[in-house]
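*Asks:* what follows is a predicted protein model with its sequence.
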There are 2 protein chains.
Amino acid sequence: MTSKDVAAAAGVSRSAVSFAFNDPAKIADSTRQRILAVAKELGYTPNPVARMLQQGRTRSLGVLLPQDLPQIMENPYYSQFFVGLGQVCHREGLTLLLTPPLRNSMLKAIPYAAVDGFVVCGLEVDRGEVAELRRRGIPFVLVDSDPPEGVPSVDVDDQAGAREVVQHLLDLGHRRIAVISFDPGPDKEAYGYRGPLARRMAGIREALAGAGLAMDDLPLIEVPCTREDGYHAAKNLMLLDEPPTALVTLSDILAVGAIDAMHDLGIDIPGQISITGFDDQPEAAWVRPRLTTVRQPIIAKGRVAGDFLISAIRGETQHPHQVLHTVLIIRESTGPIR
Amino acid sequence: MTSKDVAAAAGVSRSAVSFAFNDPAKIADSTRQRILAVAKELGYTPNPVARMLQQGRTRSLGVLLPQDLPQIMENPYYSQFFVGLGQVCHREGLTLLLTPPLRNSMLKAIPYAAVDGFVVCGLEVDRGEVAELRRRGIPFVLVDSDPPEGVPSVDVDDQAGAREVVQHLLDLGHRRIAVISFDPGPDKEAYGYRGPLARRMAGIREALAGAGLAMDDLPLIEVPCTREDGYHAAKNLMLLDEPPTALVTLSDILAVGAIDAMHDLGIDIPGQISITGFDDQPEAAWVRPRLTTVRQPIIAKGRVAGDFLISAIRGETQHPHQVLHTVLIIRESTGPIR
DNA sequence: CTGAAAGCGCTTACAG
DNA sequence: CTGAAAGCGCTTACAG
């Protein structure tokens, strides 16, 4: 069922059919009504892909994701990010295409996506994605990355957030601080820390330096970002000869696991150990004791990324780079050293 | 930058360029390498939309959603559903197009989406969506709806779930039971209860009947599905002359709000009142007291919907209709009538 | 193994 | 106000 069939049935040209749907001013209203009636009867509506090809736009925003869809969807971080991005889609009447890596490659996923532009998430190591998007002339915005010059990007001041939370522990008198980090991935060997993780590490280092401590003085465990891994990492740290009096985790999910571990070990929080998170996801306020953590404005991040992308799609040629602030949220899981 | 440019630069025909990308067997390997090198140098990759038009497939699954993106993304139900659907996308190497209503209409959103098929969520009142999808010949699966004959669909046995949770309260001796339901929307006037809500109401009615009670004997409040609304609804119910001894809520979110309200009123759960939820979302196990609720297998629902859609896209002409089971999860928020 | 041609279904100047 | 024609960028039988 094509516009040709409708044109034939209505006794008009294909242009007239197109005008009936897209540009009513160009044909007589009576003709338009007749065409629309015939179209309805025949069950015709314009083919969206053909229309996209012709118009050169898809009315869809892409999100280029660093992990497979199930992993992304399990992560409450992305739910919040998509709320912000969703606000922009809603305002602009656009759909959202979730584009996970294809055969383990973000790069390979790019050429298959029919979108007007991409929000690129968590691109810690650029394997040519930026060059590919540039070459294709697809507008894009980088989020949670190490943004190169001349590319719109949105980030959070992870460094200040990490610095402040560690400073908070130092102020409470803690010196035996351990760090539970999420896994930097296989690229650490080749590239060192990158993106938000690098900034958080830098913030920790900065605060420690102020107290005459170095990163190397601290136990550091790197694990996948799950509650279970946080649990085991925390348990292992407490088995050390000199167990820490404070645990800095780089994600609320890890922190919640660490809290579970202390419950099981019968260790009081914050009486015997202080624990901090990062992100301020909803469960940070649910867990007992309520979690001291670094809040980052995830929804705002998604919204700003969406706004930047819209403006890039419209051809505005600035390359805005916004850094959103974090806030230290002090709750019940931290206290003075006993 | 099109295949024509690459063909010219490489001194071959456009077919050769296409073969180099899609059908290596059809050209000499040396030619292929040359073409690919030229393409790389020129920054050419095939236009995805043109390819979709030609091949008649998009390698993308659509989800036709009943609400705007921000609302969907705030709802943990959909996060879980997308995990299941994401598993199928991952297995098949497909992207996921989130398609919210366009100008408040699910129907209007359909003709703009470039997808191979749709998972249609929560279509409680069919305003022509099913007819439209059929006419266009787009494969689809209905989820959480009142599925008509001859359409693949996935549902949950809401009726049994609701029946069992009410029976549980009756068994504990409760007779003064109140119901907090999520809003049936503006269509209730015209159509009565529909879809999962209708089934849950039927289940409640069924259990009550066994104890000689009728729905009309019970206070019923219908509110939007937020924690705040659950809070206020619960508070209002406790102001009745004969306040309930048990609160049946039709969503965990409402139940959590109701628990907050009891905390604020100084009413002990389950000593003075029992509260039940529906869905078994993660916070049901977090909240104190832990929530007695009806678990529905949301991830499995997403996965089955995806599988059915894949099989419909492949042209398998059965119309499977699967109903997944619920399980009553008894935790701490229900107890014998005092 | 390669090239010219048709066609996917649409939109939009352009001429009437 | 309408129609014939070109073109969006690709793929794929078909003939050589």
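*Replies:* It's in. Numbers count the residues shown, from 1 in each chain, chains lettered A, B, ... in the order given.

*Asks:* could you pull out the strands for chain A?
*Replies:* Secondary structure of chain A by DSSP state E: the strands cover A:60-64, A:95-99, A:118-121, A:140-143, A:153-156, A:177-182, A:220-223, A:246-249, A:274-276, A:293-295, A:321-324, A:327-329.

*Asks:* the first one pairs with which strands?
*Replies:* It refers to strand A:60-64. Looking at strand A:60-64 with DSSP bridges, its partner strands are strand A:95-99 (parallel), strand A:118-121 (parallel).

*Asks:* same check, this time on the fifth one
*Replies:* When sheet partners are counted by DSSP bridges, strand A:153-156 sits next to strand A:140-143 (parallel), strand A:321-324 (parallel).

*Asks:* residue A:15 is nearest to which of those strands?
*Replies:* strand A:140-143 (35.5 Å; C-beta to C-beta). Bear in mind the C-beta positions are built from the backbone N, C-alpha and C, glycine included.

*Asks:* coming back round to it: looking at the strands paired with strand A:60-64, which is closest to DNA strand C?
*Replies:* Smallest distance to DNA strand C across the strands paired with strand A:60-64 (C-beta to the nearest atom of the strand): 17.2 Å, for strand A:95-99.

*Asks:* what does that closest one contact?
*Replies:* Identification of contacts with strand A:95-99 by C-beta atoms under 8 Å, 6 or more residues apart in numbering or on different chains yields A:59-65, A:69, A:72, A:82, A:85-86, A:89, A:109-110, A:113-115, A:118, B:60, B:69, B:95-100, B:109, B:112-113.

*Asks:* near DNA strand D, which residues of chain A?
*Replies:* With C-beta under 7 Å from any atom of the strand as the criterion, chain A meets DNA strand D at residues A:11-16, A:19, A:25-29, A:31, A:50, A:53-54, A:56.

*Asks:* the same query, at a cut-off of 6 Å, please.
*Replies:* Residues of chain A found near DNA strand D (C-beta under 6 Å from any atom of the strand) are A:12-16, A:26-28, A:31, A:53-54.

*Asks:* buried members of those residues into ChimeraX, please.
*Replies:* The command below creates a ChimeraX selection of those among the residues of chain A next to DNA strand D that count as buried (16 or more other C-beta atoms under 10 Å in any protein chain shown):
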select /A:12,16,27,31,53
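
*Asks:* coming back round to it: ranking the strands paired with strand A:153-156 by burial, who's on top?
*Replies:* Mean neighbours per residue, mean count of other C-beta atoms under 10 Å in any protein chain shown, is largest over the strands paired with strand A:153-156 for strand A:140-143, with a mean of 28.

*Asks:* what mean pLDDT does that strand have?
*Replies:* Averaged over strand A:140-143, pLDDT sits at 97.

*Asks:* got the buried residues for the helix or strand of chain A with the lowest mean pLDDT?
*Replies:* Every helix and strand in chain A was compared by mean pLDDT, DSSP states H and E; the lowest is helix A:188-191, with a mean of 85. By neighbour count on 16+ other C-beta under 10 Å, the buried set for helix A:188-191 is A:188, A:191.

*Asks:* what does stretch A:57-74 give?
*Replies:* Applying a neighbour-count criterion of 16+ other C-beta under 10 Å, one finds A:58-74 buried in stretch A:57-74.

*Asks:* ditto for stretch A:157-176
*Replies:* Using 16+ other C-beta under 10 Å as the test for burial, stretch A:157-176 gives A:157-170, A:174-176.
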